[in-house]
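S.K.: how would this look folded up:
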Amino acid sequence: MDPASPLPAQPRIVVPLEVYYFDTDAGGVVHNIAYLRMVEIARSQLATSLGWSLGEMNRTGHVPVVARTEVDYLKPARLGDALLVSAELSGMEKIRFFIRFEITSAAQPGLVFVRCLQTMVTVQLPGGRPQRVPPAWSAAYPHLITS
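M.R.: Below is the predicted model:
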């Protein structure tokens with residue numbers, strides 16, 4: 001973590017994305033795996049906004065690992081749709097943290113395509129030994145500590 005970079009007041013970002021041909025099936029509907037790619041993009045950008053960039057992960061060997069993904073597919077997004085992918089740190093434990101995602105329409109406010117919750121575990125590479133959630137997060141967002 002970069003101690004010189006202040007954390008945002010709210011641990012949340014919104015990433016605009018567009019549905020491309022490679023995201024869809026022959027009918028122009030987004031594949032389920034494409035939504036997970038979108039979630040990965042938003043999660044990486046959220047981590048960077050919280051002081052945990054990909055470069056920092058590479059330098060320190062402390063990385064987040066997906067332990068669980070829960071996805072609710074509510075409506076199909078289609079080829080060419082403009083999307084907003086929100087990612088929010090929603091809770092923390094000693095070595096686990098939780099991120100909520102929502103993929104919505106940029107053109108139709110209130111239209112939700114997907115909701116997702118990921119459970120992440122912080123580990124040290126190589127070896128995969130569990131590590132504590134970044135201390136800066138606990139200090140900045142004590143209301144998110146669940147145990």
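
S.K.: Ramachandran coordinates for the residue nearest to Thr122 when sequence neighbours are not counted?
M.R.: Nearest residue to Thr122, sequence neighbours excluded (CB to CB, 6 or more residues apart in numbering): Gln131, at 4.5 Å. (C-beta placed from N, C-alpha, C; glycine too.) Dihedral pair for Gln131: phi -130, psi 160, per degrees, to the nearest 10.

S.K.: How much space separates Gln131 from Met120?
M.R.: For Gln131, the distance to Met120 equals 12 Å [CB to CB, to the nearest Å].

S.K.: who has more neighbours, these two?
M.R.: Met120 (22 against 18; other CB atoms under 10 Å).

S.K.: All the strands of the chain, residue numbers only.
M.R.: 12-18, 62-73, 82-92, 96-105, 112-124, 129-130 (DSSP state E).

S.K.: my guess is Ala136 contacts Leu89, does it?
M.R.: No. The pair formed by Ala136 and Leu89 falls short of the contact definition of CB atoms under 8 Å, at 11.8 Å.

S.K.: Those two: who's more crowded?
M.R.: Shown here are Ala136 and Leu89; by other CB under 10 Å, Leu89 has more neighbours (25 against 17).

S.K.: what about the residue lying closest to that one once chain neighbours are set aside, neighbour count?
M.R.: Closest residue in space to Leu89, ignoring its immediate chain neighbours: Pro11 at 3.7 Å, by CB to CB, 6+ apart. Residues lying near Pro11 (other CB under 10 Å) number 20.
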